[in-house]
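Trainee: predicted coordinates and the sequence they were generated for:
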Amino acid sequence: MRSIFQSKRRRRSGWRVGGAVAVGLALVGLAISGCRENAIPKSQWLGGLSSLFAGAAVRANNYSATPVDGQPPESRFHLADDSALTLPSGASIAFDIPVTRREPYSLYVNDLRSNGIGVDAGGGRVTVRVTFESAGPEIVGNCVDNVACICGDPRIELDGGALDISFGIAAARGALVLDRIGATFGSGFSETGPCHENVCAFLCDVIRPDRESNARTAIETAARRFVDNNRSLIEAQLNTHVRGLGVTGRITYARVDRDGSLYLLTES
C-alpha cells in the first residue's frame, strides 16, 4: 500500500512541475512572439473617457402632453427620438426610449435631465455615473382600458436619481472594445398622481403594485441600449487616447484591474 501511495504522490508532483513548465513556456512564447505588457494607471488612461463625458448633458424624454398622431392606444403619448446626449463639443446624439408597457399602464419618461456626469474605474469595470435633477414628475403613466383607469393616471417623482452605466474593457480586432454593458438606476420614489393616499391608491396597488420597479427598469434598459448603439464612439475615443499614451501594436488582451489601472498585452 505504501508503494502505491508513494507512486501517486510522485505522479501528482510531476503534474505540478509539468504545469509550471507549461506556464513558463507560455510566457517565453509571449516574449518570443513580441508580446508586450502594458499597465497604465487609472489617472492616465481614464482621461480618454472623462474628456468625452465631462461637461456632457443628458435629457431623457419620450412623453408628449397631447396624443401623437398615428400611435396606437398603448403608446398614444409616445414622442419618438426626443432624448439626447449633448457632448461638450456641442454635438448632440439623439436616441429613443420605447414605451414601457405593464398592463394596464404605459409608462413614459418625462423630461428627465442630468445635472452631472462622472467617470471612474475599479473592480474590473468602468462606471459612468449620471446624476439627475429633481423637477418632477419624471415618470408619467397612462392607464389603458382597465377598471383602474377610473382613478386617472399615475405621476411619479424620482428624487435624487443616479444612473450607473458600467462596462468592462476587452480586446478585439487589435483594439479596445466595451464588454458586458450594464446599468443600474436608483432614486427616491414618490407618487403624486391619483394613485396617492386616496381611495384609488388601494385599487392601483392591486392592479399594478410594481410601478416603481417598472419605471427604473425602463430607464436602465434605455441606458444599456444607448451605450450599445453608440459603443463605436466611446471605443474610438478610448483607443485614440490610449494610443496617445504610447501604446503601439495590436492589442490582444485587455482588462481593468481592481485598482482601476488598465492592463494590456500588445504584439508588434
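Mentor: Looks like it arrived, so ask away. What you are looking at is a predicted structure, and each value in this text was computed from that prediction instead of being measured.
Trainee: mind listing the strands for the chain?
Mentor: Counting by DSSP state E, one finds strands in the chain at the ranges 35-40, 57-60, 83-86, 92-95, 100-102, 105-109, 112-122, 125-132, 139-143, 155-172, 175-191, 250-256, 262-267.
Trainee: the residue nearest in space to the middle of the chain and residue 192, how far apart?
Mentor: Centroid check for the chain by CA atoms, centre = their mean gives residue 165 as the closest residue, at 3.0 Å. Counting by CB to CB, to the nearest Å, the separation of residue 165 from residue 192 is 28 Å. For every residue, glycine as well, the C-beta is placed using N, CA and C.
Trainee: for the residue nearest to the centre of the chain, give the beta-bridge partners.
Mentor: Beta-bridge pairing of residue 165 under DSSP bridges involves residue 128, residue 183.
Trainee: okay, it: pLDDT?
Mentor: You'll see residue 165 listed with a pLDDT of 97.
Trainee: quick one: it and residue 223 touch, right?
Mentor: Yes - if you go by CB atoms under 8 Å, residue 165 and residue 223 touch, sitting 5.4 Å apart.
Trainee: mutual contacts of the two, please.
Mentor: residue 183 (CB atoms under 8 Å, 6 or more residues apart in numbering).
Trainee: for residue 180, see how far away residue 255 is.
Mentor: 11 Å.
Trainee: kindly reformat the strands of the chain as CSV and extend each row with distance to residue 200.
Mentor: Putting the strands of the chain into CSV (distance: least, CB to CB, whole Å) gives the following:
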stretch, distance to residue 200
strand 35-40, 57
strand 57-60, 28
strand 83-86, 30
strand 92-95, 34
strand 100-102, 17
strand 105-109, 13
strand 112-122, 25
strand 125-132, 28
strand 139-143, 10
strand 155-172, 13
strand 175-191, 11
strand 250-256, 48
strand 262-267, 53
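Trainee: ranked by average pLDDT, which of those falls at the bottom?
Mentor: strand 100-102 (a mean of 84).
Trainee: which residues sit against that one?
Mentor: 74, 75, 106, 107, 208, 210, 211, 214, 215, 217, 218, 221.
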